[in-house]
Each structure stands twice: as C-alpha cells, then as structure tokens.
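> Coordinates for the following, if possible.
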Amino acid sequence: MGLSNENKASEDIPLHTTTLTFVLMAWDRFRYIRHPNKARLPAFVCTIGTWLTALCLVLPYPIYIIYVDLGKYLEPFEGVGICIVNLTDDMQEYMRGIFLFMYATPLATITYLYVKVSSELQSQQCNMGVILFETRHEPRSRTDSHSTNIEMRFAESAPATIRHMNFDVQGISHD
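Below you'll find the predicted structure:
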C-alpha cells in the first residue's frame, strides 16, 4: 500500500536535492567572490542540509496520495492497485507551495546571485592589469634544454616592480 507513496517521494527527493545544490553553488560562488578570505561551508554540511530539506519537502506526499485496490471494484484485477492524487484535500496549495519554493524562488535566487557575481567580477577586472605572455626563442645548449623563458608584461598601470618580469622554469629572474 505504501509503495507508490515511497516511489513518488523517492523520485522527487533527488530533484529537490539537485535544485537546492544549484542554489548553494550559486551562493557559495557569490560569497567567495565577495569575501574570498571567509571560510567556506563544509561540503558535508551542505550535502546533509540539502538531503534533509528535500526529505522534509516530500513528507506530506502520503497525505495527498491514496491507494486504490482495483480488486474491490473489478474482480479480474484482484491484487492490483493504483495510487492516485487525493484532489479533495488541499493538494493545489501544496503543489503551489512546492512550485514556488522549489522552482520559482531558486530560479530567481540563482539568477540574482549570478548577476551579482558577474557585476562583481566586472568591477574587479577593471582594476587588474593586462598580462601578456610571450615566449622567447633563444638558442640553448643541450644542458639547458629543459628551461623555458616566459616574459610577462603588465599594463602601464601596474607597479614598476612587476611591470617587466622574466620567469624561468628553473628559477625566477627579475629584469
């Protein structure tokens, strides 16, 4: 009798968990971009929180789903039953709440957070210098064949100490 209720709940728990995980990912990225020195929430806490929240959201399913034994009404269907939604109760309110809480609100929240992350990254990018990588092609001896020189040139707004630096794979040398 409870199989269909458990089946419906087992179908929706991963869906709700995924939605909540996407919200947490957007929030974590926003928080990390805004405050990079603050500690992140442990993944274990986020995982347990999303699964418990999803489980709590599907707990009312047994209230709104009823089991109908078809064998009572049609003799050839002895032992066969179906689960149907009990529309006499407040099912519409529950489904409206699930829609708002698990679709509309997360969609709006994720959109808001990613717009804020994008604007924060754009404002940070305006303050950064442009880095150009140029490889130098210099004849090398066989003993020095494993080193590579990369020249990094920063924009004129960068401090003079880092404006021109040559990086050697075996060590760093400053010009």
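> for the record, mean pLDDT for stretch 10-25?
Stretch 10-25 shows a mean pLDDT of 91 in the predicted model.
> can you give me the helices in this structure?
3-34, 43-58, 61-64, 91-99, 105-126, 160-163 (DSSP state H).
> Which pLDDT does the model give residue 53?
Residue 53 is given a pLDDT of 93.
> want to throw the helices of the chain into JSON lines with mean neighbour count?
Heads up, the C-betas are built off the backbone N, CA and C, glycines and all. Formatted as JSON lines, the entries for the helices of the chain read as follows, by neighbours: other CB atoms under 10 Å:
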{"stretch": "helix 3-34", "mean neighbour count": "15"}
{"stretch": "helix 43-58", "mean neighbour count": "15"}
{"stretch": "helix 61-64", "mean neighbour count": "16"}
{"stretch": "helix 91-99", "mean neighbour count": "12"}
{"stretch": "helix 105-126", "mean neighbour count": "12"}
{"stretch": "helix 160-163", "mean neighbour count": "11"}
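> Mind putting the ones you listed into JSON lines with distance to residue 83?
As requested, these are exported to JSON lines (distance: least, CB to CB, whole Å):
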{"stretch": "helix 3-34", "distance to residue 83": "3"}
{"stretch": "helix 43-58", "distance to residue 83": "14"}
{"stretch": "helix 61-64", "distance to residue 83": "10"}
{"stretch": "helix 91-99", "distance to residue 83": "13"}
{"stretch": "helix 105-126", "distance to residue 83": "27"}
{"stretch": "helix 160-163", "distance to residue 83": "67"}
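> which of these has the lowest average pLDDT?
helix 160-163 has the lowest average pLDDT among those, namely a mean of 46.
> So residue 106 sits against residue 21, correct?
No - between residue 106 and residue 21 no contact is recorded; they are 10.0 Å apart, counting by CB atoms under 8 Å.
> on that earlier part again, the helices of the chain: which one's closest to residue 77?
Residue 77 lies closest to helix 3-34 among those, at 15.5 Å (CB to CB).
> Who are the packing partners of that closest one?
With contacts defined as 3 or more CB pairs under 8 Å, 6 or more residues apart in numbering; DSSP states H and E, the secondary structure elements packing on helix 3-34 are helix 43-58, helix 61-64, strand 65-69, strand 81-85, helix 105-126.
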